[in-house]
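Peer 1: this one's sequence-less:
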């Protein structure tokens, strides 16, 4: 059932409610490598701000799924394990091992659904309940999996193809979020009980393995990419990151009820869970979370850590930026400061703090004013050109080719159409016939049969580029920057791609005004000048490039690099 709650004016909140008798939550518990040797601790029991991983997830489910969760574990617990789970108030039934859970399926009706949650693949916005619970009564009853996509080294993965003589034929690159579609993990799965009852010996200790095993049986399913950020809680750093970002700060019984000696120093955001204690002379620097019934010894120093519940830290111990699971933790020789950044929905960790410049923001504001003003002033010319194109050849006035913007996001780069309809398909035929006259991934011909009569004049005067002022006004492009390229061209050189996609593409740029090897092919110049611009971008450099664009007639001649960047080399060699 779906209900709409009335809130602030012009705002409504969608609340997803599951049938009270149909959906039962199952939490998968594990013991990551950084908890090795801790028979009394598990991932669900680890502190997460004012609660634990278990209470955080249970709180997110409580309003939509009234049943208390059952815990399935992938390890053999100590004697106090179930007691600790029940003490949170979130779990009422004893835990079962992953190998025993198949026998527990008889406790449910065949028409019921099981909502599996594996906190190792942890969505920072919580489980996507709306996607999982919508349309449970529809047929066919499809299993649903909230999946996280696997990252790739340097943002890309490569496949090399060889011919019969073992010579390299091609290198195909696959980029994350564009052509790389491999699941890294499964955060949640909604699976009909009847489907599980028909297949014995399923791997309930891992949702990724469970998804793959069910797919092998022919069970219909649907994968839903995680909608926000996701972290891997099998990594120690991920738990620290969640606590640093304040994830899980909802109130929880017992949170903040620990004690600290009057001589102890608590600096910054320090959370003491129920029964925890900070002894005489100890120093705790936040963000730090001290788990339930843990004790920090006298004169100990705990900085930016998560202390496992029930741990008794020895006197005088120094622990920094780690999950403390031992009374005498071993510290790295040279701990590095860690900076946290969210990019494309993923939490990334860096050892250096990025430098933030004011100029990109100033550049965007100035270009918005210039582009809107230019569109208004040039509107009669734009209308005249549009009319001539329409009279000259069949097809639309504008051509919007998909290009990659900052961060690899796709946008339509608008130009006046200069080619006949179907030119893109014809390019593949011309490329196959070896008609390309330049190197690298680009395609150019001196006499291109696809260009219309009006198109030749527009290209000669560079008026075909004027509609890109709309892209500048919309924030897709800048007046000055690397040439906007389609995905296929950006595959060729990974460092070049990463550099040029760190800024907005431009209508004109350093390569256009400095290139001087057009006849022999200048792909390496393209790489060189793009990177030089990104390293040296400034207001003065942009003004010089705009003036050089006018001087060279849109790049038909060239100027020396030293005219634009005084500290650069005179020419590309």
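Peer 2: Received the coordinates, thanks. No experiment lies behind these values; they were computed from the predicted model shown. Residues are numbered from 1 along each chain as shown.
Peer 1: which residue sits farthest out from the middle of this structure?
Peer 2: residue 391 (46.4 Å; Cα atoms, centre = their mean).
Peer 1: per-residue pLDDT, it?
Peer 2: If you check residue 391, the pLDDT there is 91.
Peer 1: what are the phi and psi values for it?
Peer 2: Backbone torsions of residue 391, given as degrees, to the nearest 10, read phi -80, psi -20.
Peer 1: Quick check: the gap between it and residue 457.
Peer 2: Computed as Cβ to Cβ, to the nearest Å, the residue 391 to residue 457 distance reads 13 Å. Every C-beta, even on glycine, is put in place using the N, C-alpha and C of the backbone.
Peer 1: cool, residue 126 as well?
Peer 2: For residue 126, the distance to residue 457 - Cβ to Cβ - is 58 Å.
Peer 1: now residue 101
Peer 2: Using Cβ to Cβ, we find residue 101 at a distance of 73 Å from residue 457.
Peer 1: Looking at these two, which one has more neighbours?
Peer 2: residue 101 (21 against 15; other Cβ atoms under 10 Å).
Peer 1: any low-confidence regions in the stretch 1-150 of the chain?
Peer 2: 1-21, 37, 39-40, 150 (pLDDT under 70).
Peer 1: Do a quick rundown of the helices in the stretch 201-350 of the chain.
Peer 2: 207-216, 236-244 (DSSP state H, counting those that start in this stretch).
Peer 1: For residue 532, which of the ones you listed is the nearest?
Peer 2: Evaluated with Cβ to Cβ, the helices of the stretch 201-350 of the chain place helix 236-244 nearest to residue 532, the distance being 35.2 Å.
Peer 1: beta partners of residue 307?
Peer 2: residue 290, residue 324 (DSSP bridges).
Peer 1: Could you number the chain from 791 rather than 1 from now on?
Peer 2: Sure, I'll start numbering at 791, so the last one becomes residue 1097.
Peer 1: Quick check: it vs residue 1048, distance?
Peer 2: On the measure of Cβ to Cβ, residue 1097 and residue 1048 end up 10 Å apart.
Peer 1: shared neighbours, the two?
Peer 2: Here residue 1097 and residue 1048 have 1066, 1080 as joint contacts, going by Cβ atoms under 8 Å, 6 or more residues apart in numbering.
Peer 1: Compare those two (neighbour count), which wins?
Peer 2: Between residue 1097 and residue 1048, residue 1097 has the larger neighbour count (other Cβ under 10 Å), namely 28 against 22.
Peer 1: Same question for stretch 1096-1107: list its buried residues.
Peer 2: Neighbour-count burial for stretch 1096-1107 flags 1096, 1097, 1098, 1099, 1100, 1101, 1103, 1107 (criterion: 16 or more other Cβ atoms under 10 Å).
Peer 1: correction: stretch 1166-1174
Peer 2: The neighbour-count check on stretch 1166-1174 (16+ other Cβ under 10 Å) flags residue 1172 as buried.
Peer 1: Distance from it to the middle of the chain?
Peer 2: Relative to its chain's centre, stretch 1166-1174 lies at 41 Å (Cα atoms, centre = their mean, to the nearest Å).
Peer 1: neighbouring contacts of that stretch?
Peer 2: Taking Cβ under 8 Å, 6+ apart as the rule, stretch 1166-1174 contacts 1165, 1253, 1256, 1257, 1259.
Peer 1: Can you tell me which of those residues is nearest residue 1193?
Peer 2: Of the contacts of stretch 1166-1174, the one sitting nearest to residue 1193 (Cβ to Cβ) turns out to be residue 1257, at 13.1 Å.
Peer 1: Give me the nearest residue to that closest one, chain neighbours excluded.
Peer 2: Spatially, and ignoring its direct neighbours in sequence, residue 1257 is nearest to residue 1204 (4.0 Å; Cβ to Cβ, 6 or more residues apart in numbering).
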